[in-house]
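Chemist: Quick one, what's the 3D model for this:
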Amino acid sequence: MNTIRLNTIGILSGGGNAGGGGNSGGGGGNTLPNDGNTYIELNIPDIKERTVHIYYKQDYAGGSTIDWGDKSVENLDQANATTSSEKIHHYASPGTYIIKIQVNEDNTLYLGSGRSNGSFMGDYTIGAPLSFPRNIVIGRNIKLYKTALYNLRFLSSIQFFQPSMVDVLESYCMSDAGIGELSLPDSITSLGERCFYGGITKLVINKNLQSTGPSICNSCQLLSEVIFEGDTDIDTGAFYGAAYIRIISFKNATRVPSLANVQAIGGSSQTKIIIPDSLYDEWGSATNWSSIKSRLVKKSEWDTLNA
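Modeler: A predicted model of the protein is given here:
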């Protein structure tokens, strides 16, 4: 079985290599299998409450199995199209455990409780168990349901196995999660309001996302770099309040993306917006971009400065 070193949030190829910038940066040095299944690494402390909740939906009952990492294996035996089901497991001893979720090829499993401000491991009333997850691999035949990763503050990494079925990150999906850097898989075509609110530091937006969606990184004070791999338009409030963005890159753009308003781009007068040389004049005179023309930097000039 191939394994991967998890350092940040990114994309895993089927061959076991990390791509899309997802295997860069620091991290805890943890390894999880890269075989298409979903894995959740837990750190269970020496406390009385060692009970873990998993909330899910799936196409049909018995379409998935869960290995809790302590020699306990169960079927996920519920299917519900409108609300989530719950699996509960108690760990007898503290320690590090790796949960494995295996989904049948003809099934789709949705991780998430569907409740407001609730992650796939429960909401704030669950308490301590929300601090257990450390590393996650989102495997094949998995989608994220509503606020699936909300408030998982102690995460070190999230990885998406490729090809991914995750096509939407709904509103507040990763809000207040300790996600660090994120490279969106190509499958994602829609982002909900404030889906990254909180701990994100770097965001790579895939080429298939036509528009950011409103307020996706509203008030993300830790966000320092945004890389657009395509021609994604920027909606109202997308990066509003993300005042410490240093770099926004459109190096691969083939047209000038629309900008809903100046506030939507976030950052400050010190932010550098890197664009193709061939689009510099058009970009600098485009609606709303013209107001921040001083931030635009030609790609060739940027590359020279950073050679």
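
Chemist: Alpha carbons of stretch 190-204, as CSV, please.
Modeler: Output of stretch 190-204 as CSV, limited to C-alpha atoms (Å, rounded to 0.1, in the frame of the first residue of the first chain):
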residue,chain,number,x,y,z
SER,A,190,-18.9,26.0,-6.6
LEU,A,191,-17.9,27.7,-3.3
GLY,A,192,-20.4,28.8,-0.6
GLU,A,193,-20.3,32.0,1.5
ARG,A,194,-17.5,32.0,4.1
CYS,A,195,-16.6,28.4,3.4
PHE,A,196,-13.0,29.2,4.4
TYR,A,197,-13.6,31.7,7.1
GLY,A,198,-10.9,31.4,9.8
GLY,A,199,-7.5,29.7,9.6
ILE,A,200,-6.6,29.5,5.9
THR,A,201,-3.2,30.9,5.0
LYS,A,202,-2.9,30.1,1.3
LEU,A,203,-5.5,29.3,-1.3
VAL,A,204,-5.0,27.8,-4.8
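
Chemist: got the buried residues for it?
Modeler: Residues of stretch 190-204 classed as buried: 191-204 (neighbour count, 16 or more other Cβ atoms under 10 Å). In this view, the C-beta of every residue, glycine as well, is placed from N, C-alpha and C.

Chemist: Going by distance to Lys146, which of the residues you listed wins?
Modeler: For the buried residues of stretch 190-204, the residue nearest Lys146 by Cβ to Cβ is Gly192; the value is 8.8 Å.

Chemist: can you tell me which residues contact the closest residue to Asn252 other than its chain neighbours?
Modeler: Excluding its sequence neighbours, the residue lying closest to Asn252 (Cβ to Cβ, 6 or more residues apart in numbering) is Glu229, at 5.7 Å. By Cβ atoms under 8 Å, 6 or more residues apart in numbering, the contact list for Glu229 reads 204-207, 252.

Chemist: Give me the residue ranges of the stretch 51-200 of the chain where confidence is low.
Modeler: 81, 124-128 (pLDDT under 70).

Chemist: Let me see the domain layout of this structure.
Modeler: Using automatic domain parsing, the domains assigned to the chain come out as 1-165, 189-307.

Chemist: Turn the ones you listed into CSV, including distance to Gly178.
Modeler: Shown next, in CSV, are the domains of the chain (distance: least, Cβ to Cβ, whole Å):
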stretch, distance to Gly178
domain 1-165, 4
domain 189-307, 5
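
Chemist: Do a quick rundown of the helices in the protein.
Modeler: Ranges of helices within the chain are 280-285, 299-305, based on DSSP state H.

Chemist: beta partners of the spatially most central residue of the chain?
Modeler: Taking Cα atoms, centre = their mean, the centroid of the chain lies closest to Leu182, which sits 5.4 Å from it. On the basis of DSSP bridges, Leu182 is bridged to Leu203.
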